[in-house]
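[1] Quick one, fold the following:
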Amino acid sequence: MSFKNRREYLFVYSVKDANPNGDPLNANHPRYDDESSAILVSDVRVKRTVRDQWIRDGKDVFVDGEPKTLATRVEELKKKHNAATGKEALEHCIDTRLFGVTFALGKESFSWTGPVQFKWGRSLHKAEVMMIQGTAAFATKDSSGQRSFRNEYIVPFALIAGYGIANQYASEKTGATDDDLEALFQALWSGTCNLITRSKIGHTPRLLIEIKYADGFSGAIGAMDEKISIRDLNGAEMSADAQMAIRGCDDITVDASKLCAALEKVKDEIEAVRIIKDMALNIGVLEKIKSLLGGKVSVEVR
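    A predicted model of the protein is given here:
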């Protein structure tokens, strides 16, 4: 049965001495907004993190990240699930149920709009990108007198916020369930913990908020990532230079007063709010949110 309750998600994570989302068309430079000096992360990168965690959890995922053709992947799923069509095979995959799919293979074609949509993530502060040079493992040819050089980009520190929304109406077509959304919630946190590659180590989940609305409500707060900001430890706004110099969560506090005000406007439509917070993140209004929504709020500190 498809899910009935709209959800919204705010996910905040930090990146230290790593590349959050390299652009392959720009020498793998971290995606960056030159106007605002913000680090950017695409929705595709977030979905890859989630999909990889689902694969670790043993769930069927259509876009499994392996180098193979569409036809090969579809045949794998048809064989595994004894499915006659691609559509029937993809109904077994959690990523197509939640993120949707545009499918065209042979004479079969269809499109599902994903019930879950993510915005691009942005750092909550100005951040810099550094190029690191080093010596490569090997020379380019046997006659070389020395090994070649390599270049790579890192971000010294960025606190990145992303927003997502789950649309109950789209789930009626894809068959996404409440269990699927629970798997998404868990994978956002666990998948980020498990980004253990040379370019991604240094990613740490810091805050995850899920708002579950009452059955029948079809509104939304919207853009929850734009309703939080960073301050210094005294609660003051930070200069551009001070933002560039941030190197850890110990340097800052997160101001969620705008988010709290937005929650107050829809508090009667909210069924439940789940919050996971990393113990290292300073955020000042959780007690106010708990007071505002009473028993509807659960907070877990990890």
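
[2] can you pull out the helices in the stretch 101-250 of the chain?
    With helices called from DSSP state H, counting those that start in this stretch, the stretch 101-250 of the chain shows them at 168-174, 178-193, 240-244.

[3] Format the ones you listed as CSV; extra columns: distance to residue 131 and mean pLDDT.
    Placement of C-beta: from N, CA and C, glycine included. Converted to CSV, the helices of the stretch 101-250 of the chain look like this (distance: least, C-beta to C-beta, whole Å; pLDDT from 0 to 100):
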stretch, distance to residue 131, mean pLDDT
helix 168-174, 42, 97
helix 178-193, 25, 98
helix 240-244, 16, 97
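
[4] Distance check, the residue minimising distance to the centre of the chain against residue 146.
    Nearest to the geometric centre of the chain sits residue 46, at 3.7 Å (C-alpha atoms, centre = their mean). As for residue 46, its distance to residue 146 is 41 Å (criterion: C-beta to C-beta, to the nearest Å).

[5] Can you tell me how far the residue nearest to the centre of the chain is from residue 289?
    Distance of residue 46 to residue 289, given as C-beta to C-beta: 24 Å.

[6] ok, back up a step: am I right that the residue nearest to the centre of the chain is in a helix?
    Yes. Per DSSP: H, G, I helix; E, B strand; the rest coil, residue 46 lies within a helix segment.

[7] That one contacts residue 116, doesn't it?
    No. In this structure, residue 46 is not within contact of residue 116 by C-beta atoms under 8 Å, at 10.4 Å.

[8] okay, residue 51: pLDDT?
    Predicted confidence (pLDDT) at residue 51: the value is 98.

[9] What is the neighbour count of it?
    Burial of residue 51 is recorded as 22 neighbouring residues (other C-beta atoms under 10 Å).

[10] Check residue 68 too.
    Residue 68: 11 surrounding residues under other C-beta under 10 Å.

[11] circling back: find residues that contact each of residue 46 and residue 116.
    Any residue near both residue 46 and residue 116 by C-beta atoms under 8 Å, 6 or more residues apart in numbering counts here, and that gives residue 164.

[12] Output the helices of the stretch 101-250 of the chain as a markdown table; include the columns distance to residue 29 and mean neighbour count.
    Below are these laid out as a markdown table (distance: least, C-beta to C-beta, whole Å; neighbours: other C-beta atoms under 10 Å):
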| stretch | distance to residue 29 | mean neighbour count |
| --- | --- | --- |
| helix 168-174 | 34 | 18 |
| helix 178-193 | 22 | 19 |
| helix 240-244 | 17 | 14 |
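
[13] No further queries at this time; thank you.
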